[in-house]
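>>> need coordinates for the below:
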Amino acid sequence: MHDLPHDLPIAQTVQKGSTAPADAQSVTLDYDARFLRRKRLVTDQGGAFLIDLAQTTSLDQGDILPLSDGTHVVVRAAAQEVLLVTGPALARLAWHIGNRHTPCQIEADRLVIQRDPVIAHMLAHLGATTTPATLPFTPEGGAYGHGRTHAHAHGHSAHDHSAHDHSHSHSHSHDHTPSHTHDHEHAHDHTH
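Numbers count the residues shown, from 1 in each chain. Predicted coordinates:
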């Protein structure tokens, strides 16, 4: 990354919840490409710029990147392959998706996730209907409404799960009766 050009306009901050100027350009990126720190990008109008943020950041639809030359670039979510999830007990389905650290766009009558045959199979067993579609993917942010739904970058596409193998161990204490406490640990492996 040291060979990035230094003569390009630079975006070093992200404005969230602002209104873009009428003359703002746009950059259209899919979900994975919107997770970045330092990269050369090209606007939809053909202008190159450098994004150079202090830390890796999840850009959202509508975020504004003010450039060092005084211009602005609005972030747009690109259409990509997703699954539309419908069925009874949508909140329950959302819980199972979230429990697998899968980014999820939550709408009134459906959930939207990246195409993933493993998650689709699990959802089918839970009674969900999954329908392939191609549309902009704008999932919920992580805790407190910002960031990704996972605390680590996976570094793979939605179709390549061969290198994604990790486990999470959780310790829970459940008080079943006033005089009986049951402690247990469980680990689950997210091999896709």
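
>>> now do the strands in this protein.
Applying DSSP state E to the chain gives strands spanning 10-11, 25-29, 35-42, 48-58, 64-66, 72-77, 79-86, 105-106, 111-114, 129-136, 167-177, 180-189.

>>> given the second one, what are its sheet partners and their directions?
Right, strand 25-29. Paired strands of strand 25-29, with direction, are strand 72-77 (parallel) (DSSP bridges).

>>> same question for the third one.
For strand 35-42, the paired strands and their directions (DSSP bridges) are strand 48-58 (antiparallel).

>>> buried stuff in the partner strand?
By neighbour count, and taking 16 or more other Cβ atoms under 10 Å as the criterion, the buried residues in strand 48-58 are 49-53, 57-58. All C-beta spots, glycine's among them, are computed from the backbone N, C-alpha and C.

>>> just to revisit the earlier point, how about the strands of the chain in JSON lines, adding mean pLDDT and distance to A120?
Output for the strands of the chain, formatted as JSON lines (pLDDT from 0 to 100; distance: least, Cβ to Cβ, whole Å):
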{"stretch": "strand 10-11", "mean pLDDT": "96", "distance to A120": "36"}
{"stretch": "strand 25-29", "mean pLDDT": "97", "distance to A120": "24"}
{"stretch": "strand 35-42", "mean pLDDT": "95", "distance to A120": "23"}
{"stretch": "strand 48-58", "mean pLDDT": "94", "distance to A120": "24"}
{"stretch": "strand 64-66", "mean pLDDT": "97", "distance to A120": "34"}
{"stretch": "strand 72-77", "mean pLDDT": "96", "distance to A120": "21"}
{"stretch": "strand 79-86", "mean pLDDT": "97", "distance to A120": "6"}
{"stretch": "strand 105-106", "mean pLDDT": "94", "distance to A120": "15"}
{"stretch": "strand 111-114", "mean pLDDT": "97", "distance to A120": "8"}
{"stretch": "strand 129-136", "mean pLDDT": "97", "distance to A120": "5"}
{"stretch": "strand 167-177", "mean pLDDT": "40", "distance to A120": "22"}
{"stretch": "strand 180-189", "mean pLDDT": "42", "distance to A120": "19"}
